[in-house]
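Chemist: sequence unknown, structure follows:
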């Protein structure tokens, strides 16, 4: 019998499994599909919230911790597996006119954030369209990194297997087993699994699962569609953000463009309307992509919430039941800090971050 069952094999579940395994726990990850192949695979891999000043401080706290930890984490996983998740310091160039809010936020959280004019924008990223800049100041955060998230989740799984973590894939969790108010395990489509600790890290599916025991959380699926261009290496060098649409250049010349925000329940189908919109946005921001072909188009389901603040806590009503879910668009950047805090709570250690902001009873 495992010490803990983690429901959900995305980046949140896997990073938490890492923390608990390193602390000596026997961990089993239970995933309804293939580990790492939902929103963790589908996203852009930016190691920053897109507009961090739009979020509550609880998001910035997790992001700051994770941004500092990522180089160590990626190096550790690469040493163990040989897989390079391509952590690259691309910087983040934002062309939206929010300088006052950005500067106010930066003073509190101390990132390297600069306001730059049109000429400086072209020095940072020559491929940006002039129409996206105008005469306003742009926001430049040169320290922001990106990670190639499909490679990250692949590496994480291999790393965890080497650590002795077990994976039960293609296994749908349908409910929980309890003795009074004590968790005793989970019910799945393949039978019951026993453990006296269970962590729900099921992303967009978490809320539906928890309704089985009358636990309500503010998490719902929000579809995001993205496209991938096949371009030349270093044609575009920076992550560029304009009007909630982003362009992310990968090391090999691929360029991601995303993403939509669609409330369509659990429908992951792609649409030609969204594809055309994203192609138009790509050309609007970086016209050089007109010379590149669209290589791929896909969709994922984010665990959306009103505030973007995840639930990282013990469930008071059920002893042994824990949550690490609801990261919305920021699972990659918030994942490392969330995993450390979740492990602190489960292991009854001193908390790395202030846990009160992430509980079911948050203010």
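Modeler: It's in. This is a predicted model, so every value here is computed, not measured.

Chemist: those helices in the stretch 1-150 of the chain, which residues are they?
Modeler: 11-22, 39-42, 57-81, 99-109, 118-124, 149-162 (DSSP state H, counting those that start in this stretch).

Chemist: just the ones you listed: most buried one?
Modeler: With neighbours defined by mean count of other C-beta atoms under 10 Å, none of the helices of the stretch 1-150 of the chain is more surrounded on average than helix 11-22, at a mean of 26. Just so you know, the C-beta spots here come from the backbone N, C-alpha and C atoms, and that holds for glycine as well.

Chemist: what residues does that one touch?
Modeler: Residues outside helix 11-22 that contact it (C-beta atoms under 8 Å, 6 or more residues apart in numbering) are 3-4, 6-7, 27, 29, 31, 35-36, 40, 149, 152-153, 156-157, 159-160, 163-165, 199, 201-203, 324-325, 327, 331-332, 335-336, 338-340, 342-343, 346-347.

Chemist: cool, and stretch 106-119?
Modeler: The contact list for stretch 106-119, computed with C-beta under 8 Å, 6+ apart, reads 52, 57, 60, 64, 99, 102-103, 105, 124, 130, 133-135, 137-143.

Chemist: ditto for stretch 244-256
Modeler: With C-beta under 8 Å, 6+ apart as the criterion, stretch 244-256 contacts 44-46, 50, 86, 88, 90, 146, 148, 226-241, 257-259, 261, 278, 281-282, 285-286, 289, 292, 295.

Chemist: give me the buried subset of those residues.
Modeler: Neighbour counting with 16 or more other C-beta atoms under 10 Å marks 44-46, 50, 86, 88, 90, 146, 148, 226-229, 231, 235-241, 257-259, 278, 281-282, 285-286, 289, 292 as buried within the contacts of stretch 244-256.

Chemist: bridging residues for residue 88?
Modeler: residue 146 (DSSP bridges).

Chemist: give me the contact list for stretch 168-185.
Modeler: 5, 7, 9, 28-35, 186-190, 192-198, 202, 209, 212-213, 317-321.

Chemist: try it again at 6 Å.
Modeler: Here stretch 168-185 makes contact (C-beta atoms under 6 Å, 6 or more residues apart in numbering) with 7, 30-32, 34-35, 186-190, 192-195, 198, 212-213, 318-321.

Chemist: now stretch 300-317
Modeler: So stretch 300-317 is contacted by 39, 42, 55-56, 58-59, 203-204, 217-224, 321-329, 338, 341-342, 345, 358-360 (C-beta under 6 Å, 6+ apart).

Chemist: kind regards, and thank you for your time.
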